[in-house]
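Chemist: Following is a predicted model, sequence given first.
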Amino acid sequence: MRVLKISVAGVRGIIGQTLTPELLVDFGQAFGTYLGGGRVLLSCDTRRSGPMVSASVRAGLMAAGCEVVDLGICPTAALQLAIKDSPATGGIAVTAGHNDASWNALKFIRDDGIFLNPRQSEELLDIYHLGRFSDAHWDELRPLQTDPQAGERHLEAVLAQVDRAAIRARDFTVAVDCANGACSLYTPRLLEALGCRVVAINTETHLPFPHPPQPSPENLSQLQALVRATDAAVGFAHDADGDRLGVVSETGAPAGEEATMCLCTEMILRRGDPGSVVTNYSTSLAVEEVARRYGRVVHRTGIGQAFITEAALNYQAAIAGEGSGGVVFPRLNYAHDGQAAMVHVLNLMAQSGASLSELIAEVVPRLVMAKRELPCPSEQAYSVLQRLRQEPEPAWVTDRLQEDGLLLRGDRRWVHVRVSQTEPIIRVIVETPTAEETDQLLQQYLTKVRRAM
Amino acid sequence: MPGIRTLKTGISGVRGVVGESFTPQLVSALGQAFGTYLTGGRVALGRDTRPSGEMVREALTGALLASGCRVVDLGVVPVPTLQIAISRSDNYDGGIAITASHNPQEWNALKFIRADGVFLYPYQAEELLNVFHQGDFTLVPNEEIGDLHYDDTALDLHLGLLLENIDVELIRRRRFRVVVDCCNGAGTKLAPRLLEELGCEVTVLNGEPTGHFARPPEPLPANLGALAAAVPELGADLGFAQDADADRLAVIDERGLPISEEFTVPLSAEVVAARGPLPLVTNLSASRLLEEVGRRWGCPVFRAKVGEINVVEMMQAEARAWGQAGHEPAAFGGEGNGGVIDPRLHYCRDSHRGMCLILEGLARREQKLSEWVAGFPPAAMVKLRVECPAARVQRVQLALREAYAGEGSLDETEGLRISWPDGSWLHVRPSNTEAIIRIMAEADTEPEARARGEHAQHLIEAALR
């Protein structure tokens, strides 16, 4: 695995190896140069390396003449909201999201609070590679500002999105696992403001992550036990910077990563928010079935938060998001926002009166997804893909997309073969209505990929 | 003609021009080099008020944390405050002062401090620079990354020590009227408070810590016009001027006349020596006024190479020797540029200690400052310079040694220093920071001093032809 990844999704690397202070200073100054100065907001998650990374980036930004405002530890969505609501020219989230603690990363945000799109990222990378940065004159350097209230303002904005009285009336017991991440400081209070009895674990921001900070089913065992032990109506799990949300039903069973997006889409469309639904190519067809019930169009995008938010803006979508549990509520903010997803799930539970497991059974269409990855050297990956594209299509395929690898779609089934942007692997993702069919299709395509290699 | 280089890397630290050579990349690499040199531990940071100070602090913080150091930021503090905080605590393994001291405001610099609060000795600074140039820095994994803390107690600690080591009641009784020019520098954080604690009626000039210096920060008479005007206008007893990081002190008498910064250490020394003899140490280029103090109070006087750390090293050696000779180990000294070093507080230059001593001296003597100064025998100093490429310095040295053979007594500790029986002396030495040779001469009168200096200048020019 390459341990430094400089791409349109930002800069990711391993502390002590590739994400060095020099690199961070350079990227800070390159971004300051790209923005042409102005006010730049910065936040970080709870990784031990956060202050090191932030300080180095701030030095670069300040040297380029930017007025840096440090928000400290807060969810990335709160940073994005603060940027949108201020005259800032941009911002940087210091977070490696769901990656393990040895990683950290910079995610670059433009003045409207949205991540740089691929064209903008390329421009930034050109400046970085060229190495000719703006050097502010000594009297153009601006003092460092702080804004410790951005997380609070975001909390208020999130609460304003939902029917607080309806949720309060239900007196929910809610279990939450903050993974010792950025939401530790905010989510318990967010839930208390909704009248919930909160049972929170892993809310110590100075401690290491208790488990990989990705809210996928394999990391939810602690939360599942907590839900059962406390008879909670629901359990929620955050990642390190709060963009993704995992859900556990009152039975203690993980709802599945894809359920978060489906439940939120159901809530937003049931409420009647106008607009289409945006999701990426690798997200479950279940979302489309939810949208179809409300007569809404679904737009699919490439994999990556920047693609989702840009499309949500372009199509003026009612909701956007992806199967990994990151959901965008355009009425609030063009950001993947786990806390907003959480309150919308509660709102749906409150309005329907049903238990979460009943809601999932009713709302989330039963489809079975499987994902597998095959190691493949980056330099071979595209020829493998090209060979697959040239194969004859199976009879069940009604629709074919090649913008992001190869995506073949049919009636309630699809297969997606794509090259990872972050690791030297090829991913195969399959979804059908039954476990047998899914496994069969997956094996078939794994064999095809292996043969093409 | 060689221009002034905008980056100076040497044993006294690394200086550069912000927006040109003093880049965050450079500072980050230096921070990592220092972290690597220390192999972890706790590092204190302090800075003067320059607008670039925060940028530099950020770059250093990132670099030190990445190398596994823990960082404690003391904020904007005088350099002596930082050094004292380090010296009085067992918690620190080193420190970095972010200040270009008396340099113009577009400059900034790093000065590296050891666990005992003293600047790196020359051989240690060489080691650090070797680490920096090799560029193979320690980087620790995430779980070993250090933490960042803030400490705002250093100013109180320094103020307490200043007041403990002076006759506060004596000074308070005199209710001195004092004008202090803090140069919008780090001294703004301490000097006005100190003077008020000493019962002075204080008027502060350039007292906002903006880092936009209202005058060039070097406390030379030419830069102190506003202070010199204010002192007689306000009927003050004296005026004090600091540089940006408050290590150097210059004094204005009650008539508004700047007395040379060469007087700052001798006046302070006289107050200390009056309590009992002790070794006095200054550098080879400082005025002979200190020898006069030594004669009056029975103190031996020693001269070290130019540079604070050289004076400090000699003071430490002489204090030890003084103790071995059966006295209480002690020394006092400083440099001719107004840098008072009193080990009772710490082995660092401290303008505030100078203020305390001069005020106590005035209180004890019941004299005006101009009268105290007039009690010294007349002396005049001349400072000249000749451009000289580093490669030809030795030729100059040889020519001068030959020309001055048999005259006066010769000291070749650093360049050449000749002293004549009439009390005049000449010091010729290559600059550490520019491609020039500096000439210092002192005699009873200005024309005599100038004659000494210009003679040397002609000899050098001839040797270079």
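Modeler: Nice, I can see it.

Chemist: Next, the buried residues of the worst-scoring helix or strand of chain A on mean pLDDT.
Modeler: When the helices and strands of chain A are scored by mean pLDDT, DSSP states H and E, strand A:4-7 comes last with a mean of 79. By neighbour count on 16 or more other CB atoms under 10 Å in any protein chain shown, the buried set for strand A:4-7 is A:5-6. Yep, even glycine has a C-beta here, placed from its N, CA and C like the rest.

Chemist: What's the separation between the nearest residue to residue A:381 once chain neighbours are set aside and chain B?
Modeler: Distance criterion CB to CB, 6 or more residues apart in numbering or on different chains; nearest residue to residue A:381, sequence neighbours excluded, is residue A:419 at 4.3 Å. Noted for residue A:419: a distance of 28 Å to chain B, by CB to the nearest CB, to the nearest Å.

Chemist: what do you get for residue A:104?
Modeler: 8 Å.

Chemist: my guess is that residue contacts residue A:51, does it?
Modeler: No: counting by CB atoms under 8 Å, residue A:104 stays clear of residue A:51, with 10.8 Å between them.

Chemist: circling back: ok, now which ones touch the residue nearest to residue A:381?
Modeler: Going by CB atoms under 8 Å, 6 or more residues apart in numbering or on different chains, residue A:419 touches A:376, A:378, A:381-382, A:385, A:405, A:425-427.

Chemist: And the residues you listed, which is closest to chain B?
Modeler: Distance to chain B across those (CB to the nearest CB) is lowest for residue A:425, with 23.5 Å.

Chemist: The closest residue to that closest one other than its chain neighbours pairs with what?
Modeler: Distances taken as CB to CB, 6+ apart put residue A:373 closest to residue A:425, at 4.4 Å, once the chain neighbours are dropped. Counting by DSSP bridges, residue A:373 is bridged to residue A:427.

Chemist: which ones are touching residue A:373?
Modeler: A:420, A:423, A:425-428.

Chemist: and if we set it to 10 Å?
Modeler: By CB atoms under 10 Å, 6 or more residues apart in numbering or on different chains, the residues touching residue A:373 are A:420, A:423, A:425-429, A:446.

Chemist: Which helix or strand contains the residue in chain B positioned nearest to chain A?
Modeler: The nearest approach of chain B to chain A comes at residue B:62, 3.0 Å away (CB to the nearest CB). Using DSSP states H and E, residue B:62 falls within helix B:53-66.

Chemist: ok, and for that helix, which residues are buried?
Modeler: B:53-66.

Chemist: Pull the distance from the helix or strand where residue B:169 lies to the chain's centre.
Modeler: Secondary structure from DSSP H and E places residue B:169 in helix B:168-174. Offset of helix B:168-174 from its chain centre (CA atoms, centre = their mean, to the nearest Å): 27 Å.

Chemist: coming back round to it: among residue A:104 and residue A:51, which residue is more densely surrounded?
Modeler: For residue A:104 and residue A:51, the more surrounded residue by other CB atoms under 10 Å in any protein chain shown is residue A:104, and the numbers stand at 28 against 21.

Chemist: The more buried one against residue A:50, yeah?
Modeler: Yes: applying CB atoms under 10 Å, one finds residue A:104 in contact with residue A:50, separated by 7.2 Å.

Chemist: Longest helix in the chain, by number of residues?
Modeler: By default, I'm working from chain A. In chain A, taking DSSP state H as the definition, the longest helix is helix A:435-452.

Chemist: meant chain B actually
Modeler: Longest helix of chain B, by residue count under DSSP H: helix B:446-464.

Chemist: before we move on, the earlier item: using a markdown table, lay out the buried residues of helix B:53-66 together with pLDDT.
Modeler: A markdown table is the format used below for those (pLDDT from 0 to 100):
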| residue | pLDDT |
| --- | --- |
| B:53 | 97 |
| B:54 | 97 |
| B:55 | 98 |
| B:56 | 98 |
| B:57 | 98 |
| B:58 | 98 |
| B:59 | 98 |
| B:60 | 98 |
| B:61 | 98 |
| B:62 | 98 |
| B:63 | 98 |
| B:64 | 98 |
| B:65 | 98 |
| B:66 | 97 |
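
Chemist: For the longest helix of chain A, buried residues please.
Modeler: Under the neighbour-count criterion of 16+ other CB under 10 Å, helix A:435-452 has A:438, A:441-442, A:445-446, A:448-449, A:452 buried.

Chemist: Check which helices and strands it is in contact with.
Modeler: Applying 3 or more CB pairs under 10 Å, 6 or more residues apart in numbering or on different chains; DSSP states H and E, one finds that helix A:435-452 makes contact with strand A:368-375, helix A:378-390, strand A:406-410, strand A:413-419, strand A:425-432.

Chemist: Spatially nearest residue to the residue of chain B positioned farthest from its centre, not counting backbone neighbours?
Modeler: Most distant from the centre of chain B: residue B:143, at 40.1 Å, with distances by CA atoms, centre = their mean. Nearest residue to residue B:143 in three dimensions, chain neighbours excluded: residue A:48, at 6.3 Å (CB to CB, 6+ apart).

Chemist: Now do that neighbour against residue A:5, distance only.
Modeler: Relative to residue A:5, residue A:48 is positioned 20 Å away (criterion: CB to CB, to the nearest Å).

Chemist: List the contacts of residue B:121.
Modeler: With contact taken as CB under 10 Å, 6+ apart, residue B:121 is in contact with B:11, B:114, B:127, B:309-310, B:312-313.

Chemist: whoops, residue B:49 was the one
Modeler: Residue B:49 makes contacts with B:76, B:99, B:105, B:182-189, B:208-213, B:244-245, as judged by CB under 10 Å, 6+ apart.

Chemist: Which residue would be the closest one in the stretch 351-453 of chain A to chain B?
Modeler: In the stretch 351-453 of chain A, no residue comes nearer to chain B than residue A:422, which is 18.2 Å away by CB to the nearest CB.

Chemist: That residue and residue A:4 touch, don't they?
Modeler: No: the pair residue A:422 / residue A:4 is not scored as a contact, 11.0 Å apart, by CB under 10 Å.

Chemist: Which single residue of chain A ends up nearest chain B?
Modeler: Closest point on chain A to chain B, by CB to the nearest CB, is residue A:56, at 3.0 Å.

Chemist: Next, the contact list for that residue, please.
Modeler: By CB under 10 Å, 6+ apart, the contact list for residue A:56 reads A:19-28, A:94, B:24, B:28, B:31, B:58-63, B:65-66.
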